[in-house]
Structure formats: structure tokens, C-alpha cells
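A.B. asks: dropping a prediction and its sequence here:
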Amino acid sequence: MTASSPHFIVGIGGSAGGLSAYKALLDALPSNTGMAFVIIAHLLPTANTQLVQILTRHTTMEVVLASNAMPIQANCVYIIPPDADLTVNDNVVFKIVCPRIQRNNQIDIFLTSLAEAMGPHAIAIILSGYDGDGTKGCRHIKKHGGITFAQDQSAEVNSMPLSAQATGCVDFVMSPGDIAVELQKIV
């Protein structure tokens with residue numbers, strides 16, 4: 001890895017209610033953690049996402065839409081494109097598959113690839129949302145020695161965090177602000 005490669009890559013999954021959680025997490029994070037943050041949001045395939053513009057107001061880190069073969073840099077926030085599956089490989093670059101394989105499975109797909117590419121340097125955060133996307137991905141992160149978080153009762157919609165917690169593979173259950181504090185301790 002190069003000097004600008006991240007020490008950890010943090011996969012952040014959310015759906016309904018996730019925007020508030022993303023903003024709270026980024027508001028509480030410093031810009032120099034040495035980590036890269038990848039937000040995997042459930043977006044409609046035809047969405048013209050404004051997440052980059054919205055989240056730029058909540059961090060001094062660069063916020064960009066991920067693109068194919070893009071190297072992942074420390075102290076940056078990446079957003080999944082609409083109608084895409086996003087993965088990361090051993091060379092710490094993104095691979096994008098368009099159109100996505102199936103609906104609301106993007107978090108599991110990303111976290112599984114993250115676990116395989118980064119091993120104990122992979123971190124999963126499951127935030128507000130419906131259904132159980134992210135649950136399988138958390139299992140993979142733990143299996144490869146990574147760290148997992150789930151949002152606590154502060155989640156606007158608690159299905160995704162509760163599904164992840166039910167696996168027994170979640171290390172921390174916290175609010176987004178407390179997750180940011182814990183991430184700083186990990187570094």
C-alpha cells in the first residue's frame with residue numbers, strides 16, 4: 001500500500017433513515033483518521049443522487065462518487081453510484097458492476113469484498129434501514145478479523161441494525177456520534 005492508502009476501510013451501510021445517521025457520523029469524525037469511508041446507500045436505480053453535495057457539508061474530507069478502478073485513498077469518503085454494485089479488490093481499488101445484480105443487496109456485496117481484501121483492516125457499520133442487508137457482510141468482516149458496528153436505538157428504522165446484531169457478530173452497538181469516537185480509538 002502507498003502512503004495515501006488507508007490503514008482501514010470502513011464500509012457504512014444504510015437505507016431508510018440512513019441520511020441522518022451518515023451526517024451525524026461525519027459531523028463527529030476528524031478529517032485525519034487515516035481511514036477511508038465508503039457509504040453504501042440503498043438508492044433507486046434512476047436516482048440522481050445528491051449525497052456527495054449533502055455530505056460535503058458535514059466533513060472536511062473529500063467526498064466523491066466512487067468510480068471503476070478508482071484507488072481508495074485515506075481520509076476520503078466515497079459514495080456508491082445508483083444502480084451499481086460496488087466491490088473493492090486486493091489492490092485497494094473499486095470495481096463497479098452496472099446494473100446492480102439485485103435490489104437491496106449492495107451492502108452485503110461490498111462488505112464481503114471488503115473482508116476479503118482488507119481482513120483485519122476492514123470495518124463495517126450498519127446504520128438505519130429496513131430488511132437485513134449488511135447482515136451477511138458483517139459475518140464476513142468478523143470471519144476475516146475485522147470490526148463491526150451497528151446503530152443503537154437512535155436508528156430511525158432499526159431492521160438493518162437489529163438483523164446484524166442478531167448474528168452475534170457485532171462488536172459495538174452505538175449511536176453514530178459514539179461510533180465516530182470509537183473509530184478514533186481504533187486508529
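C.D. replies: Great, that's in hand.
A.B. asks: use CA for all of it now, contacts and neighbours both
C.D. replies: Will do.
A.B. asks: which elements pack onto the lowest-mean-pLDDT helix or strand in the chain?
C.D. replies: The weakest-scoring helix or strand in the chain, judged by mean pLDDT, DSSP states H and E, is strand 94-97 (a mean of 90). Counting contacts by 3 or more CA pairs under 8 Å, 6 or more residues apart in numbering; DSSP states H and E, strand 94-97 packs against strand 85-88.
A.B. asks: and the strand it packs on, how far from the chain's centre?
C.D. replies: Mean-position distance between strand 85-88 and its chain equals 11 Å (CA atoms, centre = their mean, to the nearest Å).
A.B. asks: packing partners of that strand?
C.D. replies: strand 94-97, helix 106-118.
A.B. asks: where does this protein dip in pLDDT?
C.D. replies: The model of the chain has pLDDT under 70 over residues 1-3.
A.B. asks: tell me the SS of the residue sitting nearest the centre point of the chain?
C.D. replies: Central residue of the chain (CA atoms, centre = their mean): residue 12, 1.8 Å from the mean position. What DSSP: H, G, I helix; E, B strand; the rest coil gives for residue 12 is strand.
A.B. asks: buried stuff in the least confident helix or strand of the chain?
C.D. replies: 94, 95, 96 (16 or more other CA atoms under 10 Å).
A.B. asks: next: stretch 60-76.
C.D. replies: Under the neighbour-count criterion of 16+ other CA under 10 Å, stretch 60-76 has 60-61, 63-67, 71-76 buried.
A.B. asks: how about stretch 88-101?
C.D. replies: Result for stretch 88-101 [16+ other CA under 10 Å]: buried residues 88, 92, 93, 94, 95, 96, 100.
A.B. asks: identify the farthest-apart pair in those residues.
C.D. replies: Greatest spatial distance among the buried residues of stretch 88-101 (CA to CA): 92 and 100, at 20.7 Å.
A.B. asks: and of the buried residues of stretch 60-76, the nearest to residue 54?
C.D. replies: Nearest to residue 54 out of the buried residues of stretch 60-76 is residue 63 (CA to CA; 9.5 Å).
A.B. asks: correct me if wrong, but that closest one is in a helix.
C.D. replies: No - with three-state DSSP as the criterion, residue 63 is strand rather than part of a helix.
A.B. asks: tell me the secondary structure at the residue nearest to it when sequence neighbours are not counted.
C.D. replies: With sequence-adjacent residues excluded and distances taken as CA to CA, 6 or more residues apart in numbering, residue 63 is closest to residue 77, at 4.6 Å. Here residue 77 is recorded as strand under three-state DSSP.
A.B. asks: please consider this matter closed, and thank you.
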